[in-house]
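# all I have is the shape, not the residue letters:
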Ligand code: HEA
Ligand code: HEA
Ligand code: CUA
Ligand SMILES: [Cu+2]
């Protein structure tokens, strides 16, 4: 309904749009009809034209009519609404590809069966995909408007999934739709649908990060941090976000709180590594515990090296 | 306690129990004064809430940061939501017009428990103050949204606690008002006023009171659990402590869905009073309207899950809630049809209150019909948590209850103040309101259908067009409401004296003085006719 | 209920009206606990084994004794209303005192029961609780919260009944106007009825 | 004017009810002692409901009260039970 081209962007679109069409058409007819009737009455029976009102108590017949007709209509709406949803109820087909979407404040990560991890959702065209919904901290939502797919991602629930079949090649917006705090509105990425052979080529290539040749020192580290979402909470220009800024962090003294005691340390390689793997053990003074979650199993040692390289440049 | 020196022929404004004018208000147990106390407090909050709304719209006028930071925006919609829901629209009509008019309309001297009534207002003020404290205490104003969803409300470092406690306290105020009204209606109707001779506004207050009584405690205890969880780490809803965040949503909406009917039913009652008066005609289908009122109140308890279609409920629950949601729409439809049928062959006197009533019909129809889009599973999963929902609830709450509130204000203004207002300015305000309103909220429907999520501080370039239109609409809307309110305030002070019954109404409130005396009636009337029996 | 009464604003006494008001208040109290019962039911359904195990830790004897105490106190306050209706002020006062006394015994029992749990390191947020299974954590959370809220109601009830006692003593509440007494009774029975459910849910599901 | 029924319940009635309540309590403890598995909760709840019914009708005088009050109590309980059932439509079928 939004864009004719997208009409078959996924196996859900037709049903959902049909339900829209049915409900909105009926609604428009009632809205326009009732509004016109109302205005017509106000005009026709105005005091000047109709000085004496005719007293009418009501009519059982009419009441029955205008109870049953809307009842029938809403049951129709219910039917189409449910029909539009059923294509994706129940278990996905056996040949479905599985992707696990992991949300945290405020980034998505998509994990494929062969261990590949990305920040963009890559999908093969015309193949069913099952997306497992995981969240590490608070409730997030995964929403791909073009595909009419939406699901909350609830921490502590590991049985939630959504499946569908993308039918259209291209790049589509993917939003977080469940309010999740400061950078909720920046928690978006894309879903990219590719023809199956192209997808397979991409899928086989498991070299982790593509390090751009040349470039400034630390460029690769910045790439990693962008991909994994550190910059949602940390700035590189000294301004305070949810977490402390990275500017002037490396090898400088720092006051942290361990348990209840304050301690002064130097932000060396070891400290930064600890901060990433066990962020809640040492809390930077003036910041809050529990916001940053561990990146264990999500970052390799080489990637940490790259990050530290980058931090040195700030 | 009325003292012997009090002259019962004076208007209630002139009755003085204390020397200090302030004490005369805030310690008065007169239902009319309490109604006005609510009116003034609500109007104050309302200015704050409206300004926050305007600020948000200005932020959204262009992508990127325009006037505030993301954190400020998040705090703004949270505070806007809390003010509008808990401080304005839930107490709104029952506490203001219910208090002022319910006893008069059923021929009583006061409500059943006048002291409790005053206590409700005090509790309201206390709750409001506690909620406001959240804005100035601790690490910044709360940023959870008015829904306080777990576990975000446990994770955030902003000051959520006072807001929760405030909402909890406000719940008690609402419960006590409801309790008072039910007993009043049961015990204090004038002789001869049987249930089926009672006007429709008291009827809707009666149904509303039951919802207040039975639904509010559920959210009360839920908020209390969140408070306990935040303070003592008792596990309830945080998955880290074994809880189920979705249970929080269940409990929250078990109250908050019925609450939307607390908001709309009294407005529907107002419309049922205004239309017959200005048609000089008995209302069409009196009993059908009562039945639909009770049905909304009853079925409304069982549809809360439609706010949670994407939350991870079972499919069985999805279709059950969807079906029930569609059923609860039917009684609203019945009401609309009956109102429009009342216009038929009336002798219509197109005055300001009727303008607002017709505005209500139009805007509420849009809001309600888009509610149907949300009730259907397939379409709701698509537009859930997008600006489509935001548009829906502004249409029903603001276009419905808000407009009903203004209809009531213009209808009963002469009774409350004994003054009449300026018709020209009132009309300008009304038309500005309709134009601004449509411009502000219609684009949100399309934005939502394009996929723009709600509670977004910033948005992608493709959503820009609709947002510009919407922001300008907000400016028009606020300007015209300012006209409306200034007109009323100045008229209350300097307006011409109004006749006792300017609209030729026949319900009991038009039989008493304007403004009414302390005990409303010299002798309690004996009711023989139906409430809208215009047969001369 | 259909016949209308004209009540003088100066001398407002409406027995049925006040009683209706009290009942309505009881409904809200019922739903207040109702929200907790829903929570309990859901978590018991999700963690049947853990709830079973945790419930074993609670002493049925203490629970049963407290149940009986509340039942007896319910009977005494109910009888005090009859005594008032017979215009036997002395007996009314005695029965009210007995009710208050029983309530206090209940609270003392509760105090020792909680105290024992706390000294075993079982209390909200304790280290020991952070280590047990999530289901047991929920059980104890609910246990403390629900019995705590119930105890709060007992305390409110005691204050309420004490006020009534003094009003009976100074004659403001008398055989013609005893709705306050009746209302305090209604409130007390509600507190009792809630305990009737709390007892099996926490102590008996073994 | 004063239209409330001044029905006085004899002391004996209260004592009989109290005795039955205590007996029911003991029975409910006994029934949960025997291993009934899943049914033990249901059994305990049935006993609790019977006890509450007694408290409502005698101690709280519902039996002698207005019809309207009985209807209210019934409706409120029905609404609550319906809410619980609907909530479980989600949890049972997940
Ligand atoms: C005054 C308040 C009010 C009222 C009256 C309503 C009325 C209705 N609401 Fe609304 N709603 C809200 C306030 C209200 N709502 C709020 C505040 C939210 C969002 C909360 C949040 O998330 O922050 C919300 C959200 C909301 C959702 C969840 C959306 C989501 O988050 O995904 C849904 C879903 O079903 C819904 C449905 C309905 C329906 C079906 C009605 C029905 O009762 C409407 C009935 C009316 C009509 C149907 C129109 C009149 C009839 C006719 C013109 C005749 C023709 C009719 C037929 C053919 C049937 N509402
Ligand atoms: C009654 C309810 C009410 C009202 C009147 C309004 C009025 C306005 N709202 Fe409201 N809004 C909400 C309830 C309301 N809002 C709620 C519950 C949310 C959700 C919060 C959340 O997500 O947690 C929300 C969210 C919300 C957002 C979405 C934030 C987001 O998701 O990103 C926006 C965006 O611009 C917005 C704008 C406005 C504007 C510009 C106005 C106004 O400024 C327009 C001008 C209005 C007036 C000048 C006053 C109108 C007069 C009355 C209503 C009479 C008073 C009535 C009685 C006393 C009964 N609101
Ligand atoms: Cu993540 Cu919103
Ligand atoms: Cu709803």
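Perfect, thanks for sending it. All values derive from a computational prediction rather than experimental measurement. Ligands and ions are numbered 1, 2, ... in the order given.
# and for the residue in the stretch 1-150 of chain A that ligand 2 sits nearest to, the neighbour number?
Closest to ligand 2 within the stretch 1-150 of chain A is residue A:141: 13.5 Å, counting by CB to the nearest ligand atom. For every residue, glycine as well, the C-beta is placed using N, CA and C. Residue A:141: 25 surrounding residues under other CB atoms under 10 Å in any protein chain shown.
# hmm, it is touching residue A:149, no?
No - Residue A:141 is beyond contact range of residue A:149, at 10.6 Å (criterion: CB atoms under 8 Å).
# for residue A:84, list the residues it contacts.
A:12, A:15, A:16, A:17, A:18, A:19, B:376, B:377, B:378, B:379 (CB atoms under 8 Å, 6 or more residues apart in numbering or on different chains).
# what about the closest residue to it other than its chain neighbours, helix or strand, and which?
Distances taken as CB to CB, 6 or more residues apart in numbering or on different chains put residue B:378 closest to residue A:84, at 2.8 Å, once the chain neighbours are dropped. Using DSSP states H and E, residue B:378 sits in helix B:377-383.
# what about that helix, near ligand 2?
No - judged by CB under 6 Å from any ligand atom, helix B:377-383 stays clear of ligand 2, getting no closer than 13.2 Å.
# next helix or strand past that helix?
Criterion used, DSSP H and E; the element after helix B:377-383 is helix B:387-394.
# what is that next one packed up against?
Using 3 or more CB pairs under 8 Å, 6 or more residues apart in numbering or on different chains; DSSP states H and E, the elements in contact with helix B:387-394 are helix B:352-375, helix B:423-450.
# off-centre distance for the first one?
On the basis of CA atoms, centre = their mean, to the nearest Å, the separation between the geometric centre of helix B:352-375 and that of its chain is 14 Å.
# run a quick neighbour tally on the closest residue in space to residue D:8 that isn't next to it in sequence.
The shortest distance from residue D:8 to any non-neighbouring residue, by CB to CB, 6+ apart, is to residue C:85 (4.5 Å). For residue C:85, the neighbour count with other CB under 10 Å is 17.
# residue C:85 contacts residue D:11, correct?
No - using CB under 8 Å, residue C:85 is not in contact with residue D:11; the gap is 11.1 Å.
# got a list of what residue B:171 touches?
B:127, B:216, B:217, B:219, B:220, B:223.
# the fifth one and ligand 2: what is the separation?
Noted for residue B:220: a distance of 19 Å to ligand 2, by CB to the nearest ligand atom, to the nearest Å.
# tell me how many other residues surround that residue.
By other CB under 10 Å, neighbour count at residue B:220 equals 23.
# residues contacting it?
B:168, B:171, B:172, C:32, C:35.
# rerun that using 6 Å as the cut-off
The neighbours of residue B:220, taking CB atoms under 6 Å, 6 or more residues apart in numbering or on different chains as the test, are B:168, B:171.
# again with the second one
If you count contacts by CB under 6 Å, 6+ apart, residue B:216 has them with B:171, B:174, B:175.
# what's the burial count for the closest residue to chain A within chain D?
Closest contact between chain D and chain A, by CB to the nearest CB, is at residue D:94 (7.6 Å). Neighbour count of residue D:94, defined by other CB under 10 Å: 16.
# and chain C, which residues reach chain B?
Taking CB under 6 Å from any CB of the partner chain as the criterion, chain C approaches chain B at residues C:4, C:6, C:9, C:14, C:17, C:20-21, C:24, C:28, C:31-32, C:35-36, C:42, C:124-125, C:134, C:137-138, C:141, C:145.
# what sits closest to residue B:430 if chain neighbours are left out?
Residue B:430 sits nearest to residue B:355 (CB to CB, 6+ apart), 5.0 Å away.
# spatially nearest residue to the residue sitting nearest the centre point of chain D (excluding sequence neighbours)?
Against the mean C-alpha coordinate of chain D, by CA atoms, centre = their mean, the closest residue is residue D:52 at 2.5 Å. In space, not counting the residues next to it along the chain, residue D:52 is nearest to residue C:193; the distance is 4.9 Å by CB to CB, 6+ apart.
# excluding its backbone neighbours, what's nearest the residue of chain D closest to chain A?
Nearest to residue D:94 is residue B:314, by CB to CB, 6+ apart, at 4.5 Å.
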